[in-house]
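Peer 1: only the shape, not the letters, is given here:
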């Protein structure tokens, strides 16, 4: 066991919580307006419109599933 004088000389590291918005939760605010804009803006090219729409939609679902598994993983520890 350390002497009391040794304990007073040790530095204590205090972690402050991160300040600022959690960007991983704000990403749906970007996906929401992009999906209708893809449908409206690419009316004349239906092949590209559908591929891009479903690609962005798939990325949104992947991002959502990542967040759900990340939250589940951190709560189980």
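Peer 2: Received it, and whenever you're ready, just let me know what you need. Everything numeric in this text was worked out from a predicted model, so none of it was measured.
Peer 1: rest of the way, CA atoms for contacts and neighbours
Peer 2: Will do.
Peer 1: tell me the pLDDT of residue 1.
Peer 2: Note for residue 1: predicted pLDDT of 55.
Peer 1: what of residue 69?
Peer 2: On the pLDDT scale, residue 69 gets 84.
Peer 1: sec struct for it, please.
Peer 2: Judged by DSSP: H, G, I helix; E, B strand; the rest coil, the three-state class of residue 69 is helix.
Peer 1: tell me how many other residues crowd it.
Peer 2: 11 (other Cα atoms under 10 Å).
Peer 1: leaving out sequence neighbours, find the closest residue to the residue nearest the centre of the chain.
Peer 2: Taking Cα atoms, centre = their mean as the criterion, residue 24 is the residue nearest the geometric centre of the chain, at 2.0 Å. Excluding its sequence neighbours, the residue lying closest to residue 24 (Cα to Cα, 6 or more residues apart in numbering) is residue 67, at 7.8 Å.
Peer 1: against residue 27, how distant is the one you found?
Peer 2: 11 Å (Cα to Cα, to the nearest Å).
Peer 1: on that earlier part again, element containing the residue nearest to the centre of the chain, please.
Peer 2: In this structure, residue 24 sits in helix 23-26 according to DSSP states H and E.
Peer 1: which residues are contacting that helix?
Peer 2: residue 67 (Cα atoms under 8 Å, 6 or more residues apart in numbering).
Peer 1: what about it, average pLDDT?
Peer 2: 79.
Peer 1: buried residues in stretch 37-45?
Peer 2: 38-39 (16 or more other Cα atoms under 10 Å).
Peer 1: what's the span of it from first residue to last?
Peer 2: Span of stretch 37-45 from end to end, Cα to Cα: 13 Å.
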